[in-house]
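Enquirer: starting from these lines, generate the structure:
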Amino acid sequence: MKEKILIVYSTRTGSTENIALKIKKIFERKNFECDLGLADEIKSLDGYSAAVIGSPIRAGRLSRDIMRFSSKFRNALTRIPTAAFAVCITLREDTEENRRQVGSCLNPLRLYINTLDDECFAGKMDYSKLGMFARFIVKKLVKVPEGDYINYSQVEKWASELSERIVSENRR
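Expert: Residues are numbered from 1 along each chain as shown. Alright, predicted model coming up:
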């Protein structure tokens, strides 16, 4: 019987969704059955043998939808292997300090669940997907240039290793 995995995410400009879709493809190649859903649309975790939670980081915080999801399904998430990933443009410069900073943004989620594993990825910067105020902040103050900073080989490596850990955890 195939393992059934829920990949749940929240997204503001599409980067987290792109990474969630990549993770889903990798899991399906490894013979998992996967459902992909937005955090505010998930009604139940019944039937899932594991979950992967993805959130963008904006202003140093996980999305409200992910925090509500994690709180609502806290008990169910403690019974199945659960991993998390965060997406933050800060990691366009992948330094140890930036990884530490972005990784600490997952701490509020860790209050609800004990993650099997977690990872942080850079995202895309597409000014057209930002509101006028956010675009001004990003362009003029933070000075983040447009571009796709997602390291898809890093996503693939993490998802492949995670799939093996999920199988191992569920065999215990």
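
Enquirer: after the top strand by length along the chain comes which helix or strand?
Expert: Longest strand in the chain by number of residues, with DSSP state E as the criterion: strand 50-58. Scanning forward in sequence from strand 50-58, with DSSP states H and E defining helices and strands, the next element found is strand 61-62.

Enquirer: gap between that following strand and the chain center?
Expert: Between the centre of strand 61-62 and the centre of its chain there are 11 Å (Cα atoms, centre = their mean, to the nearest Å).

Enquirer: now do the helices in the chain.
Expert: With DSSP state H applied, the chain shows helices at 15-29, 64-72, 74-79, 96-104, 107-110, 132-136, 152-171, listed in chain order.

Enquirer: between those, which gets nearest to residue 126?
Expert: Each of those was checked against residue 126 via Cβ to Cβ, and the shortest separation belongs to helix 15-29, namely 8.6 Å. C-beta here means a position set from N, CA and C on the backbone, and glycine is covered the same way.

Enquirer: mind listing what's buried in the helix or strand bottoming out on mean pLDDT in the chain?
Expert: For the chain, the helix or strand with the lowest mean confidence is helix 132-136, at a mean of 75 (criterion: mean pLDDT, DSSP states H and E). For helix 132-136, burial by neighbour count (16 or more other Cβ atoms under 10 Å) applies to residue 134.

Enquirer: on that earlier part again, of all the helices of the chain, which one is nearest residue 40?
Expert: Residue 40 lies closest, by Cβ to Cβ, to one member of these: helix 64-72, at 4.7 Å.

Enquirer: so what's the residue nearest the centre of the chain bridging to?
Expert: Residue closest to the mean C-alpha point of the chain, counted by Cα atoms, centre = their mean, is residue 54 at 2.0 Å. Each beta-bridge partner of residue 54 is listed here: residue 9, residue 85, as defined by DSSP bridges.
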